[in-house]
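# Could you look at this predicted model? Sequence included:
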Amino acid sequence: MRSHELCGSLALVLVAVSCASPRAHSPSADAVGSATDSVLRISLERGSCRGSCPSYTVSLGHDGLVRFTGIRSVRPIGADSSRVPAASVTALQTAFASRQFARVPSTIEYGTPSCGAYIADLPTHVLTVRSESGEHRVRYDEGCRDHPMMLDTLARMVDSVSGAARWFLSPTR
């Protein structure tokens with residue numbers, strides 16, 4: 001990635017996070033789609049590790065609704081929500097499309113050809129993009145040293161745009 005592209009992506013993420021506003025608890029062809037898809041949903045599931053890694057699911061809807069479900073080492077355990085600008089979700093969708101997320105293998109775990117050298121005890125994550133034109137879901141283990149690093153970048157972008165850090169017990173990501 002060129003440095004000006006990285007700076008543009010980081011600027012977008014910082015603007016989106018600064019606009020996020022927490023809310024009170026709430027009740028519990030290209031697979032990326034177009035920016036006008038009313039069913040657009042981008043989600044990240046972060047798995048647990050042996051330490052105190054935050055474990056949760058966060059999803060962003062086309063309208064900017066952020067849904068958070070805390071599992072471990074987060075506050076709250078259970079459901080919460082907030083809102084971000086819809087334009088931030090559209091920009092995040094563009095980031096997934098520009099990195100050709102839809103072409104990444106759906107499973108990158110120990111024993112799969114895409115894994116490479118393996119380090120045990122690191123968390124597994126799931127990134128999903130759903131739109132009217134389909135869904136692409138990638139489950140990847142951080143212990144697979146050959147996983148595409150852009151998956152880590154996209155996961156950090158989802159965290160940043162959603163403002164997920166507000167739910168962490170400690171600043172680990």
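Great, that's in hand. Residues are numbered from 1 along each chain as shown.

# For this structure, give me the ranges with low pLDDT.
Applying pLDDT under 70 to the chain flags residues 1-39, 170-173.

# Mind doing that once more with 80?
Where the chain drops to pLDDT under 80, the residues are 1-39, 50-51, 169-173.

# now the strands for it?
Assigned by DSSP state E, the strands in the chain fall at 21-22, 41-46, 55-61, 65-72, 78-83, 107-108, 124-131, 134-141.

# Next, format these as JSON lines and append mean neighbour count and distance to Thr90.
Where C-beta positions appear, they are placed from N, C-alpha and C, glycine not excepted. Output for the strands of the chain, formatted as JSON lines (neighbours: other CB atoms under 10 Å; distance: least, CB to CB, whole Å):
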{"stretch": "strand 21-22", "mean neighbour count": "12", "distance to Thr90": "18"}
{"stretch": "strand 41-46", "mean neighbour count": "21", "distance to Thr90": "10"}
{"stretch": "strand 55-61", "mean neighbour count": "21", "distance to Thr90": "10"}
{"stretch": "strand 65-72", "mean neighbour count": "19", "distance to Thr90": "14"}
{"stretch": "strand 78-83", "mean neighbour count": "18", "distance to Thr90": "14"}
{"stretch": "strand 107-108", "mean neighbour count": "20", "distance to Thr90": "27"}
{"stretch": "strand 124-131", "mean neighbour count": "20", "distance to Thr90": "11"}
{"stretch": "strand 134-141", "mean neighbour count": "18", "distance to Thr90": "17"}
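
# between those strands, which one is nearest to Arg156?
Across the strands of the chain, Arg156 has its closest neighbour in strand 41-46 (9.4 Å, CB to CB).

# by contact count, what packs against that closest one?
Under the contact definition 3 or more CB pairs under 8 Å, 6 or more residues apart in numbering; DSSP states H and E, strand 41-46 sits against strand 55-61, helix 86-98, strand 124-131, helix 149-162.

# residues making contact with it?
The contact list for strand 41-46 (CB atoms under 8 Å, 6 or more residues apart in numbering) reads 53-62, 89, 92-93, 96, 123, 125-131, 155, 158-159, 162, 164.

# Direction-wise, compare it with strand 65-72 and give the angle.
Between strand 41-46 and strand 65-72, the angle formed by their directions is 10 degrees, by axes from the mean of the first three to the mean of the last three CA atoms, to 10 degrees.

# Save the strands of the chain as a markdown table, and put in distance to Ala117 too.
Output for the strands of the chain, formatted as a markdown table (distance: least, CB to CB, whole Å):
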| stretch | distance to Ala117 |
| --- | --- |
| strand 21-22 | 40 |
| strand 41-46 | 22 |
| strand 55-61 | 25 |
| strand 65-72 | 27 |
| strand 78-83 | 37 |
| strand 107-108 | 13 |
| strand 124-131 | 16 |
| strand 134-141 | 12 |
